[in-house]
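Enquirer: Sequence first, predicted model second:
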Amino acid sequence: MVNIVEKLYNQGNISDEELRQLIETDDAQAAELLRRYADEVRQKYYGRKVFLRGLIEISSYCRNDCLYCGIRRSNTCAERYRLSREEILSCCENGYGLGFRTFVMQGGEDMYFTDDFMCGVISEIKEKYPDCAVTLSLGERSFESYKRMKEAGADRYLLRHEAADEKLYSRLHPSELSFSTRRECLFNLKKLGYQVGAGFMVGAPYQTTESLIADFRFLQELSPQMIGIGPFIPHHSTPFKDEKGGTLDLTLRLLGILRLMFPKVLLPATTALGTIAPDGREQGLKTGCNVVMPNLSPVKVRKKYDLYDNKICTGEEAAECRMCLQRRIESAGYEVAAERGDAADFNI
Ligand code: 5AD
Ligand code: FES
């Protein structure tokens with residue numbers, strides 16, 4: 001098993017069969033070597049830097065009905081809110097003061113946020129904070145919409161592919177959603193010049209080693225600048241409420257593999273990882289991660305952006321989250337980078 005890790009480290013790729021073995025092994029020595037190499041490769045391109053992204057959760061309305069997600073439209077218990085333009089801008093002002101140089105506007109697929117509205121907010125943020133990157137995470141939209149928001153100044157777009165295995169994709173999503181549309185959206189975003197983030201949940205219901213291999217192969221084809229993965233965590237008012245969640249062990253394993261396959265990629269230690277283990281994000285940082293996304297949303301809405309149970313950081317002010325993460329980053333042996341943090345191979 002150690003040989004497979006060596007090969008992945010040296011060549012940046014391994015066969016499907018080797019991937020299968022590495023995903024499934026319980027060899028602790030191989031897992032430790034994977035972690036060590038992942039940290040070495042991350043340090044080669046990014047040193048000890050960890051980039052911060054201020055996450056602004058702009059809407060909990062969603063037209064979709066993804067089976068795993070707490071803000072799916074058929075969850076009538078979900079509390080819905082949307083932030084106004086003024087509220088979004090005040091989050092940015094707060095975040096800029098805290099040292100953030102990337103703002104991520106994330107939300108459900110809420111058509112209240114028209115292209116006109118989004119373009120207005122994006123250009124205002126870029127005008128006020130020309131040294132900052134604007135990232136969007138608003139789900140599937142038309143080519144024209146992505147184009148207009150790019151022209152308004154958006155730099156990056158996060159859209160997890162969720163599952164590259166079409167059968168799995170359709171078991172996780174309502175019938176009107178398909179992997180082929182998701183894939184087209186991701187390639188459209190790339191074509192438009194966005195720095196693109198894809199990714200998936202670890203341990204989602206019905207996920208198999210084969211479907212994970214399909215995820216790695218799809219990511220190799222897409223070659224995104226960012227890859228977001230975190231454990232699946234059941235939400236109590238979704239059809240998956242009684243399913244098992246993803247584990248820390250497998251998530252760390254996959255993070256290590258991703259770092260070796262994609263040496264220059266931006267890899268967040270996600271909030272979901274911090275939710276399933278108190279030191280989940282620190283362990284992520286030690287296994288190749290180089291990004292964290294502190295919550296910048298107004299405290300009054302945080303509990304309402306309720307994707308999964310027991311989500312952390314829902315009671316804290318932005319400044320508290322910022323300081324908490326700084327402590328965690330430093331305790332893990334890394335340092336906060338006060339910069340935009342573009343991918344090492346992306347020319348802006
Ligand atoms: N557990 C973990 N992650 C989830 N997401 C949505 N619901 C859950 C859940 N129950 C992830 C999806 C989505 C991202 C914003 O959050 O992968 O793309
Ligand atoms: Fe949000 Fe610790 S990171 S409270």
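Expert: The structure has been received and is ready for your questions. Ligands and ions are numbered 1, 2, ... in the order given.

Enquirer: Every contact and neighbour count from this point should use C-alpha atoms.
Expert: Noted.

Enquirer: tell me which parts of this protein are close to ligand 1?
Expert: For the chain, the residues found near ligand 1 under the criterion C-alpha under 6 Å from any ligand atom are 68-69, 160, 162, 200-201, 231-235, 307-308.

Enquirer: how does it look with 5 Å?
Expert: 68-69, 160, 232-234, 307-308 (C-alpha under 5 Å from any ligand atom).

Enquirer: biggest separation within those, which pair?
Expert: Pairwise distances across the residues of the chain next to ligand 1 peak at 17.8 Å for R160 and P234 (criterion: C-alpha to C-alpha).

Enquirer: Which one's more surrounded, the two?
Expert: Neighbours per residue (other C-alpha atoms under 10 Å) separate R160 from P234, with P234 holding more: 24 against 21.

Enquirer: Touching, the more buried one and E243? I think so.
Expert: Yes: applying C-alpha atoms under 8 Å, one finds P234 in contact with E243, separated by 6.5 Å.

Enquirer: Include secondary structure and pLDDT when you put the residues of the chain next to ligand 1 into JSON lines, please.
Expert: Putting those into JSON lines (DSSP: H, G, I helix; E, B strand; the rest coil; pLDDT from 0 to 100) gives the following:
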{"residue": "Y68", "secondary structure": "coil", "pLDDT": "98"}
{"residue": "C69", "secondary structure": "coil", "pLDDT": "98"}
{"residue": "R160", "secondary structure": "coil", "pLDDT": "98"}
{"residue": "F232", "secondary structure": "coil", "pLDDT": "98"}
{"residue": "I233", "secondary structure": "coil", "pLDDT": "98"}
{"residue": "P234", "secondary structure": "coil", "pLDDT": "98"}
{"residue": "L307", "secondary structure": "coil", "pLDDT": "96"}
{"residue": "Y308", "secondary structure": "coil", "pLDDT": "96"}
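
Enquirer: Show me where this structure dips below the pLDDT cut-off.
Expert: The model of the chain has pLDDT under 70 over residues 348.

Enquirer: again, only using 80
Expert: Under the criterion pLDDT under 80, the flagged ranges of the chain are 345-348.

Enquirer: Pull up the residues of it that are close to ligand 2.
Expert: By C-alpha under 5 Å from any ligand atom, the residues of the chain that approach ligand 2 are 313, 321, 324-325.

Enquirer: could these go into JSON lines alongside neighbour count and secondary structure?
Expert: As requested, the residues of the chain next to ligand 2 are arranged in JSON lines below (neighbours: other C-alpha atoms under 10 Å; DSSP: H, G, I helix; E, B strand; the rest coil):
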{"residue": "C313", "neighbour count": "20", "secondary structure": "coil"}
{"residue": "C321", "neighbour count": "19", "secondary structure": "helix"}
{"residue": "C324", "neighbour count": "14", "secondary structure": "helix"}
{"residue": "L325", "neighbour count": "19", "secondary structure": "helix"}
